[in-house]
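can you look at this prediction? I've put the sequence above it.
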Amino acid sequence: MGNPMKIRAVSKDGVTEVKVLMNHPMETGLRKDAAGALIPALFITEVTAKLNDKVVLQAQWGQSVAKNPYLGFKVKGGKPGDKVTISWVDTSGDTRSDQATVN
Amino acid sequence: MTLELQPSRRGFLRQTGLLGLAVSAVTFLPRMAYASWNKAAFGAKTMADTYKAMGVDSPTVSADIQLNAADIAENGAVVPVEAISKIPNTTQISFLVEKNPAMLTAQFDIGPDTLPQISTRVKMGQTSNVIALVKADGKFYTASKEIKVTLGGCGG
Amino acid sequence: MNRREFLHLLSAASAAGLTLPLDPARAEKAAEALYDAPAFGNVSLLHITDCHAQLRPIYFREPNVNIGVGAMANRPPHLVGEAFLKHFKVEPGTRLAHAFTFLDFERYAALYGRVGGFAHLATLVKRLRATRPGALLLDGGDTWQGSGAAMWTKGQDMVDAAKLLGVEAMTLHWECTYGQDRVKEIADKDFAGHIDIVAQNIKTQDFGDPVFKPYVMRVVNGVKVAVVGQAFPYTPIANPRYMVADWTFGIQEDNMQKTVDAARADGAKVVVVLSHNGMDVDLKMASRVRGIDAILGGHTHDGVPAPSIVDNGGGKTLVTNAGSNAKFIGVLDFDVKDGKVSDFRYRLLPIFSNLLPADAEMEALIARTRAPFESKLNEKLAVSEGLLYRRGNFNGSFDQVILDALIAEKDAEIALSPGFRWGTTILPGEPITMENVLDQTAITYPYVTLTQMKGSQIKQILEDVCDNLFNADPYYQQGGDMVRVGGLAYSCDPTATAGNRIGDMELNGKPIDAEKTYKVAGWAPVSEAARDAGGEPIWDLVARNLRARKTIAAPKLNLPHLKNVDGNLGLAG
């Protein structure tokens, strides 16, 4: 299920600007904990962004995307009240999807 | 100053996990969620292998790609980068960190209504060139910028 | 007797050990000569910066080493001593020469007295305002930090003093080391309706929203003047990031251009940037951003008497730097005609405390805020036989006292101390008080550290800091001086590239072994882990060391062997 994302979508002059902060450790699999044991890898590999029902962005990520990943993009169209949906899948197969309303 | 006596740079690298990568092969293969995740590209350890796995053949340096990032990273573990492509028919934007053990960080396939302008944040283990790789009309173009990762401290 | 002969006489008298009390008539005359700056034009800006919480008059020795590399070599601000005087046509031996250079510092300091002090500054500000109605007083930051009293009041003494002085707008650097919540508290409560904090380059970490106003607009004699703020771009690197965890900084050149354009679109006929970039960064920014009439700069503590005039695609931009420690006030007069700046005058006036009577109200405020700390500050720890100062690219003599104390008290082989540019000066024969020690050390992350470090790690630290100082591209510089080094001998080639400047590292005549481990003492760690680990505050360690030693002989400076800087005008004996 993961933890909720923070999404901001603002429409201006016919373009919707989307800013997303995900909540994910993005563990590389090579970091050690205080006891010296390896912390297993756990990072987001795929991200999908939709405006209403249409996929507008698809991403593949590796382990060097920063912890609590940030994503910013702009898409033509979109008006107040429209929905932006962001989904991710990580290396454990966990997924998370959050939706925000365009302002 | 600041003089990061503790943790040391090595400690910092350990903290971000990049040191481990530097000294050992990527032994963990993530369970694929989608078949499309480019395992070969994200696991490659040289620029040549990365490009090969991405199907990139001798990309052209382009002044029509704007790569926005700070000159000095505030935090090597969280480095904001933004690429804006003015190349017509841009369909893909990727970020690569030349001196990371695995260079390819993120690849974005953009739809026809999406502007060729992507922002994200990457991890960097040391001062390095960061590359924005753009695919347009099936051809590849790059822009790069050096981002300094410093120990910090000692400021005025 | 002409002026020059008179000055020579003064010098000769001083050298002969004669005391020269300044009689009131002579003081009045000297003050007139220095401060009678005729008003000009219709928009005046008064600029102070980097006072580092020095409310009382102090001594401050300007550097004898301030090397510029690449395009920055041999041009302001990288001129010291006689090269400086020659470039700015300042007569040697004069008050001005003493204010701007280190030359014969002990002799002239004894002759001309202490500089700065907010009560004396306040008097001058009032005089300048009287001849320049509507003048704006701007503070470039590094105001709330640098003294024991400021640290103990979390900057409150300086906040109150700045309000009484009548500052209109300020920007930030060391202020942030009290933490983002404290900065916001002051901005929203103490400063509300009085002082605007401006910073186009501080944004929230999450979605990049502005934290402060990027600029403020003031109408001066009918002319709209925009003051754009530029905080120190590398605050979260040079100082602990955890202090400003939710904020991000950076130079933000694009946003600077947008902000200037927005101010112009908003009707500004004059646009000035109140900057904490440091002068080299300001010079580069001035060459790339259009539409700025002047950048009033700080951070690098350069007392520069005349502006650098920088050409760019949009016209010309003046770049100034107004020194530190409340030692100077910059006065920029613009003549604005037909909607644009047509001419200017600039002066950097030194504050000589014995030429400017103390303003009673400010004096009373300072006495009040100091009262609870007076006995602690006044403790005499030892007597210094030599001149103690910090400023300069490499070890100053006060740094050496700190390094020697670290090595002795921590039984370390090597000591490292930050290359801060603040820190006041003590004349030979004066006592070293707790206040003096705090003037060198008062920070909110003062922990002493003792670390086992490999030779290769020590090299990496020296290289890293050295690149922050001598990178040929100013945008990659951070504006501090070189880390101060005790115990370890080394060479430094400022003109080399990153990773290749430091060499010949030796400890007690033996080469440093990259793989061997050394015991290294230091202070001011920026990591959260170091904060959580705690550690003795550096001032307690230094005070303990000084109390035990009682008399401090002039310290022997551990300076690196410098390479490839022969003839550099930023280097003098």
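Happy to help now that I have it.

so where does the residue nearest to residue B:98 when sequence neighbours are not counted fall, helix or strand?
Nearest in space to residue B:98, with sequence neighbours left out and distances taken as Cβ to Cβ, 6 or more residues apart in numbering or on different chains, is residue B:129 at 4.3 Å. Every residue, glycine included, has its C-beta placed from N, CA and C. Per DSSP states H and E: residue B:129 is located in strand B:128-136.

alpha carbons of that strand, in PDB - could you do that?
Taking Å, rounded to 0.1, in the frame of the first residue of the first chain, the C-alpha atoms of strand B:128-136 are listed here in PDB:
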ATOM      1  CA  SER B 128      29.900  14.500 -11.300                       C
ATOM      2  CA  ASN B 129      28.500  15.500 -14.600                       C
ATOM      3  CA  VAL B 130      24.700  15.000 -14.700                       C
ATOM      4  CA  ILE B 131      23.400  14.300 -18.200                       C
ATOM      5  CA  ALA B 132      19.900  14.900 -19.600                       C
ATOM      6  CA  LEU B 133      19.300  12.500 -22.400                       C
ATOM      7  CA  VAL B 134      16.500  13.400 -24.800                       C
ATOM      8  CA  LYS B 135      14.900  11.200 -27.400                       C
ATOM      9  CA  ALA B 136      13.200  13.000 -30.300                       C
END
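
so which elements touch that strand?
In this structure, strand B:128-136 makes packing contacts with strand B:65-68, strand B:79-85, strand B:90-97, strand B:139-147, judged by 3 or more Cβ pairs under 8 Å, 6 or more residues apart in numbering or on different chains; DSSP states H and E.

residue B:112 - how many residues pack around it?
The number of residues packed around residue B:112, counting by other Cβ atoms under 10 Å in any protein chain shown, is 10.

got the phi and psi for it?
phi -60, psi -30 (degrees, to the nearest 10).

now do it against chain C, distance only.
In this view, residue B:112 and chain C are 26 Å apart by Cβ to the nearest Cβ, to the nearest Å.

where in the chain is pLDDT low?
No chain was given, so I picked chain A. A:1 (pLDDT under 70).

my question was about chain C, not that one.
Using pLDDT under 70, chain C drops low at C:1-22, C:573.

centroid-nearest residue for it?
residue C:301 (3.5 Å; Cα atoms, centre = their mean).

same check on chain B?
Looking at chain B with Cα atoms, centre = their mean, the centroid-closest residue comes out as residue B:96, 2.9 Å off.

where exactly do the strands run in chain A?
In chain A, the segments counted as strands under DSSP state E are A:3-12, A:15-23, A:44-51, A:54-61, A:70-76, A:83-90, A:95-101.

is the fifth one in proximity to chain B?
What that stands for is strand A:70-76. Yes. Strand A:70-76 reaches chain B (Cβ under 8 Å from any Cβ of the partner chain) through A:70, A:71, A:72, A:73, A:74, A:75, A:76.

now residue A:14. Nearest residue, chain neighbours left out?
residue A:76 (6.5 Å).

quick one on the thing from earlier: sort out which of the residues of strand A:70-76 next to chain B are buried, if you could.
By neighbour count, with 16 or more other Cβ atoms under 10 Å in any protein chain shown, those hold A:70, A:71, A:72, A:73, A:74, A:75 as buried.

which residue does chain A have closest to chain C?
residue A:19 (4.8 Å; Cβ to the nearest Cβ).

coming back round to it: isn't the residue nearest to the centre of chain B right up against residue B:50?
Yes. Using Cβ atoms under 8 Å, residue B:96 is in contact with residue B:50, at 6.8 Å.

what touches both of these two?
Residues touching both residue B:96 and residue B:50 (Cβ atoms under 8 Å, 6 or more residues apart in numbering or on different chains): B:103, B:104.

isn't there a helix covering the residue nearest to the centre of chain C?
No. Assessed with DSSP: H, G, I helix; E, B strand; the rest coil, residue C:301 is coil; it does not lie in a helix.

list the contacts for it?
Per Cβ under 8 Å, 6+ apart, neighbours of residue C:301: B:156, C:50, C:321, C:323, C:324, C:391, C:421, C:422.

can you select the buried ones among those for me in PyMOL?
Here is the PyMOL command that selects only those of these that count as buried (16+ other Cβ under 10 Å):
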select buried, (chain B and resi 156) or (chain C and resi 50+321+323+324+391+421+422)
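
inside strands: which ones of the contacts of residue C:301?
residue C:321.

taking the contacts of residue C:301, tell me the two that lie furthest apart.
Spatial extent of these (Cβ to Cβ) is set by the pair C:321 and C:422 at 14.6 Å.

for residue B:37, helix, strand, or coil?
With three-state DSSP as the basis, residue B:37 sits in coil.

please disregard the earlier target; I meant residue C:375.
Of the three states, residue C:375 takes helix under three-state DSSP.

tell me the gap between stretch B:98-112 and the middle of its chain.
Its chain's C-alpha centre and that of stretch B:98-112 lie 6 Å apart, by Cα atoms, centre = their mean, to the nearest Å.

now swap in stretch C:207-225 and tell me
The chain centroid and the centroid of stretch C:207-225 are separated by 25 Å, computed with Cα atoms, centre = their mean.
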